[in-house]
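**Student:** Whatever this is, show me its structure:
(2 chains)
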Amino acid sequence: MTLQPVPATDPRPTLAVWKFASCDGCQLTLLDCEDELLGLTERVRIDHFLEMTPAEGADGGRARLEGRGPYDLSLVEGSITTAEDAERIRHVRRVSRYLVTIGACATAGGIQALRNFADVDDFLAAVYARPEYISTLATSTPISAHVPVDFELRGCPIDRGQLLEVVTAHLAGRKPRIPGHSVCFECKRRGTTCVTVAHGTPCLGPVTHAGCGALCPAYGRGCYGCFGPSDKPDLRSMVAQLRRDGMSERDIQRVFRTFNAASPEYAPVPELAAEERRDPPAEGS
Amino acid sequence: MNRRATRVLRLDALARVEGEAALHLRVEGDRVTQTRLRIYEPPRFFEAFLAGRGHAEPPDITARICGICPVAYQMSACRAIEDACGAVVDGPLADLRRLLYCGEWIESHTLHVYLLHAPDFLGCADVVELARGRRAAVERGLRLKQTGNAILEQLGGRPIHPVNVRIGGFYRTPAPDELRPLAERLRQARDDALETVRWVAAFDFPDAVCDHDLFALRDPGRYAIDSGTPAVMAADGDGPALREFPPSDFERHVREGQVPHSTALTALLDGRRHLTGPLARYAISGRWLHPLAAEAARDAGLGDPATGARCDNPFRSIVVRAVEVVQAVEESLRIIGGYERPPRPAVEVPPRRGVGFGATEAPRGLLYHRYALTADGTVTEARIVPPTAQNQTAIEDDVRRAVQARLDRAGPAADDEELTRLCERAIRNHDPCISCAAHFLDLTVERA
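**Tutor:** Sure, this is the predicted structure:
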């Protein structure tokens, strides 16, 4: 069951796909590229991708969890939640020329980072002399908290087109064209009527990173922020707007505490939402 | 080989399964003495952090348990919360949910059949090698998979973690015209699905028999997907042939226990090993397959589902999965053919104090959710039992039997590589989703 040996002169760059704490959805996105998958495997050699193959490298030997490397491009899914995984990501970094995180878990800690806000963590930080060791078990952290990352692709899940752009850009040796603006731009490009303006629907579009193609508003739903914060999000205005659109302080807290809960950009939200409670906005302001 | 020698096989990283797991197998002399599927994916504590969330949130949150079957999580969550709130979703809204679910069945099953499982039967490492020799077959699989994804995209917005599902129904329902191109694709997919059944039916299957109790939803009149009553078919004929219980009794029958070698919980049904998934569904719901799917099953050697045929060879689960793809395609066409846009995209689900239960058929088997809500809709307790956690004991038993059968066979002894491959195949027969199974432990903090 070994792969046909690829000639030693195989000029194809090598790709590896890694999983840490996650749902599998972002790496599945690669297998969801039905039209491009076979073509892609002619241009790159997939050297490590446990969900797809037990084979590793040019000789097709059995893959191990860590992988042998080296790899030209590593796609990393999932967040770091154990001491073993913190060690494994350092190994992955060492054997990878470029390392790209795919998705909200790898980029922001994912929904499992909700544990970071549990009381037990305050307790641990106050009591233990080695919080960095405890924290690998008591918190969920993005890959960038452990190793240098060359590019972060956002989304829960990532967008298929953006994934192909990232892979293609790395093959071509250029920077991926992934704009950092908000979902509002994508809504306008798509020609979707603003759900907030037209229906007063609470929507995180103004502070959420583009990439999904503004899906939710196209379905009459307010954006729920699964791509995480856009560049320089104005959270003060956003929270005020959400209050005007009828969201309670508790619901505002909840909507930011989801798939990108540990994004540092969201840190002021609890305070901003509480301010709104103390000083509710005037009607129509 | 020394008959008393002890061999230990360790497979540290299972491949072509969803998620991360390892296998530990111990052979003493000519007997398999220990089989352990070790799930080492770190737990993500969904049940812990669902407490305190609003009653509208679990469909989106629990979808993130599994990128392969997010619709299953959304549907079981919706049903459980609607049950707690006393809301009923029926008519065209229920049909649309079923259509969405069919999309996931087609996508997930085709992924497994072509990309994860078929390479085992054709001596290939993976789909890339498979495509070198059988490009047309792989392209057919990708086309079929894409059709499943097209349903998910049309109805849900995207294939992974769809955005259009909410408790009570949808944010937006399609106009009948919007579903017409989908019907056209599905009619083409029907040929691909039938060809898939013929393709996999011709594979060589090892002789194997499993004797697990079979567990699936039963929805008389139709092949259960998104609704039905949990039903158990006894393996060995002792006790009643088929017994049912309401979803609210699920936890009284299916008891989970923690095993030290795994981060997942493992379950027994009334103290006995059970199996959920395609083999169970085929045995319990086979008589309600669409005629085309039933015919494909008969032609593929699965017996006559109209008279209660069952498939007890787990290696043939790939054929049952292919039949279920035909079923999902036919069911999708039926739903689209009779679809009329409902007056509203969702029914109101005002919160109330109570407990609700939901069970639906994920591609891998029965997925159970329970939520307790306060009067304002705050979740106070959540309980989720995924199919792979239920199947873990059955999978270990299958592995043990497969290896034992090989050791008992006359002729040259099996080397470790052959046994390892056999174990992997026995595991893949059940399309385990490790990501689902791993995430259901209460938070424990290791103190160094």
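
**Student:** contacting residues for B:His369?
**Tutor:** Taking Cβ atoms under 8 Å, 6 or more residues apart in numbering or on different chains, we find B:His369 in contact with B:58, B:62, B:73, B:76-77, B:79-80, B:357-359, B:382-384. Just so you know, the C-beta spots here come from the backbone N, C-alpha and C atoms, and that holds for glycine as well.

**Student:** The closest residue to chain A within the stretch 201-350 of chain B and A:Met52: what is the separation?
**Tutor:** Using Cβ to the nearest Cβ, the single residue of the stretch 201-350 of chain B nearest to chain A is B:Pro345, 7.4 Å away. B:Pro345 is 37 Å from A:Met52, where distance means Cβ to Cβ, to the nearest Å.

**Student:** Who has more neighbours out of those two?
**Tutor:** Taking other Cβ atoms under 10 Å in any protein chain shown, B:Pro345 and A:Met52 do not tie; A:Met52 has more neighbours (23 against 19).

**Student:** domains of chain A?
**Tutor:** A:14-172, A:183-278 (automatic domain parsing).

**Student:** so of these, which one's packed in deepest?
**Tutor:** domain A:14-172 (a mean of 21; mean count of other Cβ atoms under 10 Å in any protein chain shown).

**Student:** End to end on that one, go ahead and measure it.
**Tutor:** 13 Å (Cα to Cα, to the nearest Å).

**Student:** Which residue does the stretch 1-150 of chain B have closest to chain A?
**Tutor:** B:Gly67 (2.1 Å).

**Student:** Next one: that residue, what pLDDT does it get?
**Tutor:** Here, the pLDDT recorded for B:Gly67 equals 95.

**Student:** can you give me the strands in the chain?
**Tutor:** Using chain A here. A:14-19, A:45-49, A:55-56, A:61-62, A:71-77, A:96-102, A:151-153 (DSSP state E).

**Student:** I was after chain B.
**Tutor:** Counting by DSSP E, the strands of chain B are B:6-11, B:21-28, B:31-39, B:165-166, B:169-170, B:213-218, B:229-233, B:242-244, B:254-258, B:265-269, B:274-276, B:354-362, B:365-373, B:379-385.

**Student:** Could you say which of the ones you listed is packed most deeply?
**Tutor:** strand B:274-276 (a mean of 30).

**Student:** Quick one: residues in contact with that strand.
**Tutor:** So strand B:274-276 is contacted by B:210, B:212-216, B:232, B:254, B:267-268, B:364-366, B:387, B:390-391, B:393-394, B:430 (Cβ under 8 Å, 6+ apart).

**Student:** If we use 7 Å, what do you get?
**Tutor:** B:Cys210, B:His212, B:Asp213, B:Leu214, B:Phe215, B:Ala216, B:Gly365, B:Leu366, B:Pro387, B:Gln390, B:Asn391, B:Ala394 (Cβ atoms under 7 Å, 6 or more residues apart in numbering or on different chains).

**Student:** now those as CSV including pLDDT and distance to chain A?
**Tutor:** Shown next, in CSV, are these (pLDDT from 0 to 100; distance: Cβ to the nearest Cβ, whole Å):
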residue, pLDDT, distance to chain A
B:Cys210, 92, 24
B:His212, 95, 26
B:Asp213, 95, 29
B:Leu214, 96, 27
B:Phe215, 98, 24
B:Ala216, 98, 24
B:Gly365, 97, 17
B:Leu366, 97, 20
B:Pro387, 92, 15
B:Gln390, 90, 19
B:Asn391, 92, 17
B:Ala394, 94, 22
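
**Student:** Would you point out the most distant pair within these?
**Tutor:** Longest distance between any two of those is 17.1 Å, between B:Cys210 and B:Leu366; criterion Cβ to Cβ.

**Student:** Distance of A:Thr107 relative to B:Val385?
**Tutor:** For A:Thr107, the distance to B:Val385 - Cβ to Cβ - is 30 Å.

**Student:** Of all the strands of chain A, which one is nearest chain B?
**Tutor:** Short answer: strand A:55-56, nearest of the strands of chain A by Cβ to the nearest Cβ, at 4.2 Å.

**Student:** Please state the offset of that closest one from the chain centre?
**Tutor:** Mean-position distance between strand A:55-56 and its chain equals 26 Å (Cα atoms, centre = their mean, to the nearest Å).

**Student:** out of the contacts of B:His369, who's nearest B:Ala189?
**Tutor:** B:Tyr73 (24.6 Å).

**Student:** residues contacting B:Arg252?
**Tutor:** Under the criterion of Cβ under 7 Å, 6+ apart, B:Arg252 has no contact partners.

**Student:** Which pLDDT value belongs to it?
**Tutor:** Reading off the model, B:Arg252 has pLDDT 95.

**Student:** same deal with A:Pro229?
**Tutor:** 98.

**Student:** What residues are bridge-paired with it?
**Tutor:** A:Thr208 (DSSP bridges).

**Student:** Quick check: closest non-adjacent residue to B:Arg190.
**Tutor:** Leaving aside its chain neighbours, B:Arg190 sits nearest to B:Val329 (5.2 Å; criterion: Cβ to Cβ, 6 or more residues apart in numbering or on different chains).

**Student:** Break down the stretch 101-250 of chain A into its helices, ranges please.
**Tutor:** A:104-108, A:119-127, A:131-138, A:160-172, A:183-190, A:195-199, A:215-218, A:235-244, A:249-256 (DSSP state H, counting those that start in this stretch).

**Student:** Can you add mean pLDDT and distance to B:Ala283 and give those helices back as a markdown table?
**Tutor:** Listed next are those as a markdown table, based on pLDDT from 0 to 100; distance: least, Cβ to Cβ, whole Å:
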| stretch | mean pLDDT | distance to B:Ala283 |
| --- | --- | --- |
| helix A:104-108 | 98 | 38 |
| helix A:119-127 | 48 | 45 |
| helix A:131-138 | 49 | 43 |
| helix A:160-172 | 94 | 37 |
| helix A:183-190 | 96 | 47 |
| helix A:195-199 | 96 | 47 |
| helix A:215-218 | 98 | 39 |
| helix A:235-244 | 97 | 51 |
| helix A:249-256 | 96 | 43 |
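
**Student:** out of the ones you listed, nearest to B:Thr35?
**Tutor:** That would be, of these and by Cβ to Cβ, helix A:131-138, which comes in at 28.8 Å.

**Student:** hang on, isn't B:Ala402 packed against B:Glu424?
**Tutor:** No: between B:Ala402 and B:Glu424 there is no contact under Cβ atoms under 7 Å: 10.2 Å.

**Student:** neighbour count winner among those two?
**Tutor:** Higher neighbour count among B:Ala402 and B:Glu424: B:Ala402, with 24 against 20, using other Cβ under 10 Å.

**Student:** biggest helix in chain B, by residue count?
**Tutor:** helix B:176-201 (DSSP state H).

**Student:** May I have the distance across stretch B:106-116, first residue to last?
**Tutor:** Per Cα to Cα, stretch B:106-116 runs 14 Å from first to last residue.

**Student:** cool, stretch B:299-308 as well?
**Tutor:** OK, stretch B:299-308 end separation, Cα to Cα: 16 Å.

**Student:** chain center to that stretch: distance?
**Tutor:** Distance, centroid of stretch B:299-308 to centroid of chain: 21 Å (Cα atoms, centre = their mean).

**Student:** Can you verify my assumption that B:Leu155 contacts B:Asn164?
**Tutor:** Yes: between B:Leu155 and B:Asn164 there is a contact under Cβ under 7 Å: 6.4 Å.

**Student:** give me the low-pLDDT residue ranges for chain B?
**Tutor:** B:1-4, B:236-240, B:257-266, B:437-448 (pLDDT under 70).

**Student:** okay, which residue is most central for it?
**Tutor:** Most central in chain B under Cα atoms, centre = their mean is B:Arg364, positioned 0.9 Å from the mean C-alpha point.

**Student:** Just list the residues touching that one, thanks.
**Tutor:** B:Cys69, B:Gly277, B:Pro387, B:Thr388, B:Asp431, B:Cys433.

**Student:** Out of the residues you listed, which sit inside helices?
**Tutor:** B:Pro387, B:Thr388.
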